[in-house]
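Undergrad: predicted model and sequence follow; I will ask about them next.
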Protein chains: 2
Amino acid sequence: MKKQTSDYFAKTLEKGLRVLALFDEDHSSWTLTAIAEKVEVNLTTAYRLVNTFLELGYFKKDPKTKLLSLGPMAIALGNRLLRGFDINKVVEPLVDEAHYKYRISIDVSLFHRFNLVQLYKKEDSNTLTYKQETVSEFFYCTAMGKAVLSCLDAAEQEDLVERQSFKKMAENTIIDKNILYRELAEIRKKGYATNNEEYIKGLIAIAAPILRRGNNTPLGAISFTTTILDQTLVEFEKNYALILCDLARKIARKICNI
Amino acid sequence: MKKQTSDYFAKTLEKGLRVLALFDEDHSSWTLTAIAEKVEVNLTTAYRLVNTFLELGYFKKDPKTKLLSLGPMAIALGNRLLRGFDINKVVEPLVDEAHYKYRISIDVSLFHRFNLVQLYKKEDSNTLTYKQETVSEFFYCTAMGKAVLSCLDAAEQEDLVERQSFKKMAENTIIDKNILYRELAEIRKKGYATNNEEYIKGLIAIAAPILRRGNNTPLGAISFTTTILDQTLVEFEKNYALILCDLARKIARKICNI
DNA sequence: AATCTACTTACTATAATAGTAAGTTTAAGT
DNA sequence: ACTTAAACTTACTATTATAGTAAGTAGATT
């Protein structure tokens, strides 16, 4: 969080966006009270925001239950936002191609303000899957997170590591900073990171950083995911590590200018 | 446009949403001045809104050109909005299935406040395509528009017809209201509408209304689109009209409660 | 160097919003 | 059917955020 007390910051807009961001596939409807609580605004303020969304067609309200959910205009906006993002035009076809060729679950995220923001995801429909956060702060226990961490300079790396919760997510979660630092050094040499059931039991992944051209700072990361029911991590690495790193470089080359 | 002078309408939020909605695949970057003009706000106001989006990560700004484009948070929002809309969960698989089975371009839109808002689209990648608006007010010259018009009651139908511009979009565009009314009556009987190069030269389509259960008012429409390079309208109708109407009914059955 | 254009900042009157509190509706329990 | 509680809606104002004017700055172009 920054200052945001500047003369040039529209607070009402920020609150509105926070309301809008409450809605996702697991939370497709909300009560007014819940919105007011989550966004931390007065009930009347929440009412005004919600009413604005209703008037504009972004929300709809069940007349009986008063439950609020997204309306047609929200979809139109969602469509536009995804298509209006120039990177998507580049990343989508590359990811789709690899997905159809190798039949694996692929995920591309951008590194942004201490978060990994999901840009594009392609899942194999015949495999187990897991709920992916669109904005995640789990750098210490995910392949993508470690991939990004590994190629930050020392100061930034430490800064980000210090922000981690080091909560034990699964049996293999690394909760010792020193072990993590050692692994990060190795990842940097190898060029890609692994997730050996460190986030969710049974879930394994490999991920490579997508590097900015020139200064080699991480722009984001790409990961391949599967489960131990399908193959072992060793097999997975042997089969796909090269392809993964190659794809990461391809994407980096195409989106030099962000 | 409604009153919107109510105590319970957040004007700043509305303006912000108007700014956000400027971005789409054809307009992925804007100058501040252009935004101020389009949204019809003072330059300073535009600056404040834009700055808010920048602070929050929804926009990014090219430091050299000052051009504004969407940032990672906008993608995250786009993803959430599309996934948070419960109807999508129902419509997507049905449309995808039909698309893969018949290899045609399918478009599902919702009827909302005198507009058709695109909900989901699946295009055949090997055919010619056209720029599709996510929100369109062309009811008189599109198959989906006519499909929706055809099943409104007399008063609403007239209301909506009166709102049309009747601009000559292509050679076959219907610009005579009486001819349109006659065609709408026929469409109602047939159960689906056609577009015989009335919107864009070479583009043909068939569309069926998606009807609310119970009162039979139109909730939206579904269309199949192709070009005259691929088949004639007569062939297209013969091949797909039944499938189309069937799919419309299937979707209607699933989304009874919106 | 001069000029133009587009962006950024400063300042303040005005209009928008936050918050309190008082209605109102709806649902559930008696 | 009546009572109560919870959630939503509306009314009212002090306060604050925002709009708009205007001045200043940076970058590009001549």
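TA: Right, received. Where do you want to start?
Undergrad: helices or strands up against the lowest-mean-pLDDT helix or strand in chain A?
TA: Between all helices and strands in chain A, the lowest mean by mean pLDDT, DSSP states H and E belongs to strand A:135-136, at a mean of 77. Applying 3 or more C-beta pairs under 8 Å, 6 or more residues apart in numbering or on different chains; DSSP states H and E, one finds that strand A:135-136 contacts strand A:115-122. Placement of C-beta: from N, CA and C, glycine included.
Undergrad: residues contacting stretch A:88-106, please?
TA: Here stretch A:88-106 makes contact (C-beta atoms under 8 Å, 6 or more residues apart in numbering or on different chains) with A:82, A:108, A:119-124, A:127, A:129, A:222-226, A:240, A:243, A:247, A:250-251, A:254-255, B:25, B:75.
Undergrad: surely A:Gly220 and A:Leu119 touch.
TA: Yes: counting by C-beta atoms under 8 Å, A:Gly220 touches A:Leu119, with 6.8 Å between them.
Undergrad: joint contacts of those two?
TA: Both A:Gly220 and A:Leu119 are in contact with A:Val108, A:Ser109, A:Leu110, where contact means C-beta under 8 Å, 6+ apart.
Undergrad: domain boundaries for chain A, per the record?
TA: Listed domain ranges for chain A are A:11-78, A:85-254 (source: automatic domain parsing).
Undergrad: re the thing from before, starting at the chain centroid, how far to the least confident helix or strand of chain A?
TA: 4 Å (C-alpha atoms, centre = their mean, to the nearest Å).
Undergrad: can you pull out the strands in the stretch 51-200 of chain A?
TA: With strands called from DSSP state E, counting those that start in this stretch, the stretch 51-200 of chain A shows them at A:59-61, A:68-70, A:105-112, A:115-122, A:135-136, A:193-196.
Undergrad: how long is stretch A:122-142 from one end to the other?
TA: 17 Å (C-alpha to C-alpha, to the nearest Å).
Undergrad: which pLDDT value does the model give A:Lys122?
TA: If you check A:Lys122, the pLDDT there is 80.
Undergrad: now it: closest residue in space, sequence neighbours ignored.
TA: Once flanking residues are discounted, A:Lys122 sits nearest to A:His99: 4.2 Å by C-beta to C-beta, 6 or more residues apart in numbering or on different chains.
Undergrad: give me the distance between the one you found and B:Phe236.
TA: From A:His99 across to B:Phe236, the span is 31 Å (C-beta to C-beta, to the nearest Å).
Undergrad: mind checking which of the two has more residues around it?
TA: Higher neighbour count among A:His99 and B:Phe236: B:Phe236, with 23 against 17, using other C-beta atoms under 10 Å in any protein chain shown.
Undergrad: would you list the phi and psi of that one?
TA: The phi and psi values for B:Phe236, taken as degrees, to the nearest 10, are phi -60, psi -40.
Undergrad: returning to that earlier point: columns neighbour count, pLDDT and distance to chain B on top of the shared contacts of A:Gly220 and A:Leu119, output as JSON lines?
TA: Putting those into JSON lines (neighbours: other C-beta atoms under 10 Å in any protein chain shown; pLDDT from 0 to 100; distance: C-beta to the nearest C-beta, whole Å) gives the following:
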{"residue": "A:Val108", "neighbour count": "25", "pLDDT": "92", "distance to chain B": "10"}
{"residue": "A:Ser109", "neighbour count": "32", "pLDDT": "92", "distance to chain B": "9"}
{"residue": "A:Leu110", "neighbour count": "26", "pLDDT": "90", "distance to chain B": "5"}
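Undergrad: re earlier: can I get the strands of the stretch 51-200 of chain A in CSV including distance to B:Leu68?
TA: Below are these laid out as CSV (distance: least, C-beta to C-beta, whole Å):
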stretch, distance to B:Leu68
strand A:59-61, 26
strand A:68-70, 25
strand A:105-112, 16
strand A:115-122, 18
strand A:135-136, 21
strand A:193-196, 33
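Undergrad: out of those strands, which gets nearest to DNA strand C?
TA: strand A:59-61 (11.7 Å; C-beta to the nearest atom of the strand).
Undergrad: what packs against the host helix or strand of A:Pro209?
TA: Remark: A:Pro209 resides in strand A:203-211, with elements defined by DSSP states H and E. Using 3+ C-beta pairs under 8 Å, 6+ apart, the elements in contact with strand A:203-211 are helix A:143-150, strand A:193-196, strand A:218-227, helix A:233-254.
Undergrad: please identify the deepest-packed of the ones you listed.
TA: helix A:143-150 (a mean of 29; mean count of other C-beta atoms under 10 Å in any protein chain shown).
Undergrad: how far off strand A:105-112 does that one point, in degrees?
TA: On the basis of axes from the mean of the first three to the mean of the last three C-alpha atoms, to 10 degrees, helix A:143-150 is oriented at 40 degrees to strand A:105-112.
Undergrad: is helix A:143-150 anywhere near chain B?
TA: No: Helix A:143-150 stays clear of chain B (C-beta under 8 Å from any C-beta of the partner chain), getting no nearer than 13.2 Å.
Undergrad: tell me what that helix is packed against?
TA: The contact analysis (3+ C-beta pairs under 8 Å, 6+ apart) places helix A:143-150 against strand A:105-112, strand A:115-122, helix A:154-162, helix A:177-190, strand A:193-196, strand A:203-211, strand A:218-227.
Undergrad: out of the ones you listed, nearest to A:Leu17?
TA: Closest to A:Leu17 of these, according to C-beta to C-beta: strand A:115-122, at 14.5 Å.
Undergrad: adjacent strands (with direction) for the closest one?
TA: The pairing partners recorded for strand A:115-122 under DSSP bridges are strand A:105-112 (antiparallel), strand A:135-136 (antiparallel).
Undergrad: minimum distance to A:Leu203: which of those has it?
TA: strand A:105-112 (10.1 Å).
Undergrad: the closest residue to A:Lys168 other than its chain neighbours - how many residues pack around it?
TA: Closest residue to A:Lys168 apart from its sequence neighbours, by C-beta to C-beta, 6+ apart: A:Ile175 at 5.7 Å. The local packing of A:Ile175 (other C-beta under 10 Å) involves 15 other residues.
Undergrad: list the contacts for A:Ile175?
TA: For A:Ile175, the contact set (C-beta under 8 Å, 6+ apart) comprises A:Tyr140, A:Phe166, A:Lys167, A:Lys168.
Undergrad: surely the first one is in contact with A:Glu162?
TA: No: counting by C-beta under 8 Å, no contact exists between A:Tyr140 and A:Glu162, whose distance comes to 10.8 Å.
Undergrad: comparing these two, which residue is more hemmed in?
TA: Using other C-beta under 10 Å, the more surrounded residue of A:Tyr140 and A:Glu162 is A:Tyr140, with 26 against 8.
Undergrad: returning to what we had before: among the helices and strands packed on helix A:143-150, which comes closest to B:Ile200?
TA: B:Ile200 lies closest, by C-beta to C-beta, to one member of the helices and strands packed on helix A:143-150: strand A:115-122, at 29.8 Å.
Undergrad: give me the angle between the closest one and strand A:218-227.
TA: 50 degrees.
Undergrad: quick one: contacts of strand A:115-122?
TA: Here strand A:115-122 has contacts from A:85, A:87-88, A:91-92, A:95-96, A:99, A:105-111, A:132-137, A:139, A:142, A:144-145, A:148, A:220-221, B:57, B:72-73, B:75-76, B:79, using C-beta under 8 Å, 6+ apart.
Undergrad: which of those residues are buried? Put it as a ChimeraX command.
TA: This is the ChimeraX syntax for the buried subset of these, where burial follows 16 or more other C-beta atoms under 10 Å in any protein chain shown:
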select /A:85,87,88,91,92,95,99,105,106,107,108,109,110,111,134,135,136,139,142,144,145,148,220,221 /B:57,72,73,75,76,79
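Undergrad: contact partners for A:Ala207?
TA: Residues counted as contacts of A:Ala207 (C-beta under 8 Å, 6+ apart) are A:142-144, A:146-147, A:192-195, A:221-224, A:244.
Undergrad: how much space separates it from A:Arg249?
TA: 14 Å.
Undergrad: where does the prediction get shaky in chain A?
TA: A:1-5, A:125-132, A:256-258 (pLDDT under 70).
Undergrad: most remote residue from the middle of it, which is it?
TA: A:Lys64 (35.6 Å; C-alpha atoms, centre = their mean).
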